[in-house]
Structure formats: structure tokens, C-alpha cells
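Colleague: here is a sequence together with a model predicted from it:
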Amino acid sequence: MRIAIDATPLVEGTGGIPRYTAELAGALAKEFPGDEYWLVSDQDWTGGPAETSNLRRGRRPQNSLARRWWLAGLPWELVRLGAAIFHGTDFAVPYVPVTPSVMMFHDTSPWQEGERRAEAAERVRRRTPWLMRLATMIVTPTEAVRREVIERFGVNPSRTVAVPLAASEVFRPAAEAEAAAVRARLGITGPYLLFLGTAERRKNLGRLVAAWREARLAHPGLGLVLVGRQGAGSQVLNFENQPGLTATGPLADRDVAALLSSAVAFVYPSLYEGFGLPVLEAMQTGTPVVISRDAALQEVAGDAAVSVDALSVRALAESIVELTRDSHWRRELRERGCERAAQFSWRHTAKKTREVYVEAVQRF
């Protein structure tokens with residue numbers, strides 16, 4: 001089978017959707033060597049999965065088709081490639097259905113006020129409900145999002161499939177020497193909590209910082225490390241004159257794994273997620289995890305994380321203090337987390353996604 005995959009998210013470089021696109025494409029090509037996978041976009045990108053004999057880059061259009069990519073350029077490219085199916089990795093499929101198509105619907109955050117870039121969110125809100133009717137099949141990362149798609153947009157349940165994601169293999173426990181070197185380079189000393197993700201409003205960083213301050217009353221040396229880029233609608237947090245708080249910005253995966261390896265806990269109090277990939281990344285690295293009671297996060301974490309009311313600063317602070325004091329509880333959470341993360345793999349994601357492709361071709 002010849003499959004075309006939307007590579008446009010790779011232009012952005014970092015974040016959950018670029019990660020999904022790169023990891024899935026690489027896993028599909030490795031797991032199904034008899035298939036051909038083509039990454040297609042009207043924009044140039046760097047990075048992403050390495051090209052192989054069956055994973056290649058499509059040709060960027062150099063004429064007026066590039067300015068009408070989803071209407072004309074992409075359908076033309078699919079015909080030129082002889083693609084059997086198109087996989088839209090970011091809420092979109094071609095406006096002209098020349099082949100079967102699969103849409104990845106990550107979450108409903110674009111419909112939430114202040115989320116994603118305003119322009120991007122508006123584009124998703126405007127066109128996605130219509131494109132969902134054109135898509136042959138719709139994939140979601142969790143059953144929680146699948147239920148949202150069915151209830152909010154009235155999509156036939158038989159056209160929607162939940163296919164879970166996975167953590168990259170780079171997220172493994174790091175040697176102490178490597179972790180110490182990363183901490184030293186970033187000026188991090190003493191025990192610390194860690195947050196990983198784009199700083200958007202729904203990530204609830206204001207309450208996290210407030211809970212950390214409260215926890216420091218019981219554990220004065222406890223630090224907080226925030227890793228990730230600023231996003232649309234992010235709260236303006238004053239990091240100055242806050243000893244112990246470090247905002248690193250985006251980091252390389254190996255550096256993140258090293259920081260996770262020596263963190264007291266990974267705290268992810270997000271108020272809404274479609275999957276919550278950083279939770280699995282932390283678990284796979286052997287880090288105790290605290291999450292909110294968001295449906296998708298609880299689905300992913302199972303009983304391997306501490307789940308708290310993330311609207312309550314006090315509840316967050318109490319869970320943090322309990323973890324800092326109870327080494328046996330931290331050890332148990334590490335073991336549970338590693339076992340839970342082992343149940344997810346990009347190989348499994350690739351297999352389940354390939355099954356969706358086959359069904360889409362049969363339905364078209």
C-alpha cells in the first residue's frame with residue numbers, strides 16, 4: 001500500500017502533534033516494509049523521521065497549486081504519487097476526496113477559549129467540522145476524545161477509532177552522571193519537581209506554581225523546573241525573584257529524560273488533554289507522576305499516578321508534600337509507572353493505525 005502522510009506539523013518542530021507525526025511515520029515504515037510512506041506538505045521542514053527505502057518526502061509544488069494546497073495542490077500530489085490513502089495528522093484532510101482519508105482528531109482544545117494560536121484555532125474550528133464529514137475514518141488518541149467527537153459533532157461511532165500514542169524510546173532512566181551534568185548546565189540544585197509541556201492556559205501552571213510555593217513551606221529546599229515553550233493563551237507568570245523556580249524553555253529529549261530521571265516527581269495538573277504524552281514520557285523514565293482528574297489523563301495513567309483535583313491549590317500542594325516525605329510511595333509509583341508505560345509502544349500504534357487504513361480503503 002502507498003500511504004501519504006501530512007508532514008505539515010513537522011514545520012513547527014516541537015510539541016505533541018509534530019511528535020505524533022514523526023514517531024508514527026517512522027514506526028509505520030519500520031513495521032510495514034512492504035508499504036510505501038510519503039511525507040507530503042506545501043511547506044519545507046527540517047528534522048522529522050529519517051528517510052528510508054520506504055519512507056520518503058513528497059515533492060513540494062512550485063506553482064499556483066501551492067497556494068491552494070488543501071483544495072488543489074494536495075489532491076494533485078496524491079494522484080501523482082498514486083497514493084492509496086491519505087492520513088491527515090492535524091485535524092485536516094483534502095477538500096477534494098480523491099482517495100480514502102483518515103483524520104487524526106487530537107482533542108477539542110481549539111474549541112476552548114484562548115487555546116492554541118488564535119489564528120490556528122480559528123482555522124481548525126472553521127473547517128474541521130466540515131472536513132470530518134469528508135474523512136473516511138477519524139482517529140482519536142483516547143476513548144475520552146472519541147466520546148467527545150461522537151457527542152459534539154454527531155459522528156457515527158463506526159467511523160471513529162481510538163488509537164493510543166506512546167513515549168519515544170529516548171525517554172529512559174539516565175545515569176546519575178548524565179543527569180548531574182544537565183542539572184549543572186541549567187543551574188538546578190537540590191530536589192525539584194518537573195513540569196513538561198507547552199505553557200498554555202489549560203496546563204494550569206498558575207496553580208502549579210502556587211502549590212509549589214505552599215509545598216516549600218514544608219520542604220524549603222524544593223525546586224520547580226518548567227520545561228517547554230510558551231503557547232497561546234499562556235498565563236504571564238513572574239519567574240523573577242522566585243528562588244528555586246527554573247524555566248528552561250524547550251530542551252532536547254535526552255536532556256529532558258535526564259531531568260526527569262532525578263526529579264522528585266513529575267506534576268502535570270492540566271485541566272484538559274487529548275492524551276497527555278508527557279505523562280507516559282515521565283513514567284517510562286521512572287518518575288513518580290501527579291496528574292489532574294482529566295478523563296484522558298486518567299485513561300492513560302490508569303492507577304500508576306496520583307490523581308488530584310487540580311483546581312485546588314491545596315490538594316496539589318498536599319500531594320506534593322506527601323510524595324516528598326514518603327520514599328516508599330515514590331518507589332511504588334516508579335514501579336507502577338514503568339509497568340504502565342510498557343503497555344504503550346509506537347509499534348502498537350503503527351499496527352492499529354494500519355488497520356484503520358485498511359478499513360478506510362474498504363469503506364471508500
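Modeller: Yes, it's here.

Colleague: hmm, Thr248 is touching Arg185, no?
Modeller: No. Between Thr248 and Arg185 there is no contact, the gap being 10.0 Å when judged by CB atoms under 8 Å. Bear in mind the C-beta positions are built from the backbone N, C-alpha and C, glycine included.

Colleague: quick one, which of these two is more surrounded?
Modeller: Neighbours per residue, other CB atoms under 10 Å: of Thr248 and Arg185, the larger number sits with Thr248, 19 against 11.

Colleague: just the element for the more buried one, please.
Modeller: Taking DSSP states H and E as the definition, Thr248 sits inside strand 245-249.

Colleague: so the next helix or strand after that strand versus strand 245-249, what angle?
Modeller: For strand 245-249, the following helix or strand on the C-terminal side (DSSP H and E) is helix 253-261. In terms of direction (axes from the mean of the first three to the mean of the last three CA atoms, to 10 degrees), helix 253-261 departs from strand 245-249 by 160 degrees.

Colleague: ok, residues contacting the helix or strand following helix 253-261?
Modeller: Scanning forward in sequence from helix 253-261 by DSSP H and E, the next helix or strand is strand 265-268. Strand 265-268 has contacts (CB atoms under 8 Å, 6 or more residues apart in numbering) with 193-197, 208, 211, 260, 276, 278-279, 282, 287-292, 297, 316, 320, 323-324, 330.

Colleague: and the helix or strand bottoming out on mean pLDDT in the chain, what does it pack against?
Modeller: In the chain, the helix or strand scored least confidently by mean pLDDT, DSSP states H and E is helix 118-134, which has a mean of 86. On a contact count with 3 or more CB pairs under 8 Å, 6 or more residues apart in numbering; DSSP states H and E, helix 118-134 meets strand 101-104, helix 143-153.

Colleague: list the buried residues for stretch 103-114?
Modeller: Buried residues in stretch 103-114, counted by 16 or more other CB atoms under 10 Å: 103-110, 112.

Colleague: and those residues, which two are furthest apart?
Modeller: Met103 and Gln112 (19.3 Å; CB to CB).

Colleague: shouldn't Ser345 be in contact with Ala166?
Modeller: Yes. Ser345 lies in contact with Ala166 (CB under 8 Å); the separation is 4.9 Å.

Colleague: the more surrounded of the two?
Modeller: Taking other CB under 10 Å, Ser345 and Ala166 do not tie; Ala166 has more neighbours (25 against 16).

Colleague: give me the phi and psi for the more buried one.
Modeller: Phi and psi for Ala166, reported as degrees, to the nearest 10, are phi -160, psi 170.

Colleague: residue ranges for the strands of the chain, please.
Modeller: Here the chain has its strands, by DSSP state E, at 2-6, 36-40, 55-57, 85-88, 101-104, 137-140, 160-162, 192-196, 223-227, 245-249, 265-268, 289-291, 306-307.

Colleague: turn these into JSON lines, columns for mean pLDDT and distance to Trp130.
Modeller: Formatted as JSON lines, those follow (pLDDT from 0 to 100; distance: least, CB to CB, whole Å):
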{"stretch": "strand 2-6", "mean pLDDT": "98", "distance to Trp130": "17"}
{"stretch": "strand 36-40", "mean pLDDT": "97", "distance to Trp130": "21"}
{"stretch": "strand 55-57", "mean pLDDT": "95", "distance to Trp130": "29"}
{"stretch": "strand 85-88", "mean pLDDT": "98", "distance to Trp130": "13"}
{"stretch": "strand 101-104", "mean pLDDT": "98", "distance to Trp130": "11"}
{"stretch": "strand 137-140", "mean pLDDT": "98", "distance to Trp130": "13"}
{"stretch": "strand 160-162", "mean pLDDT": "98", "distance to Trp130": "17"}
{"stretch": "strand 192-196", "mean pLDDT": "97", "distance to Trp130": "34"}
{"stretch": "strand 223-227", "mean pLDDT": "96", "distance to Trp130": "37"}
{"stretch": "strand 245-249", "mean pLDDT": "92", "distance to Trp130": "37"}
{"stretch": "strand 265-268", "mean pLDDT": "98", "distance to Trp130": "33"}
{"stretch": "strand 289-291", "mean pLDDT": "98", "distance to Trp130": "34"}
{"stretch": "strand 306-307", "mean pLDDT": "97", "distance to Trp130": "36"}
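
Colleague: separation between the residue positioned nearest the centre of the chain and Gly249?
Modeller: Compute the mean C-alpha point of the chain, and by CA atoms, centre = their mean the closest residue is Gly16, 2.9 Å away. Gly16 sits at a distance of 17 Å from Gly249 (criterion: CB to CB, to the nearest Å).
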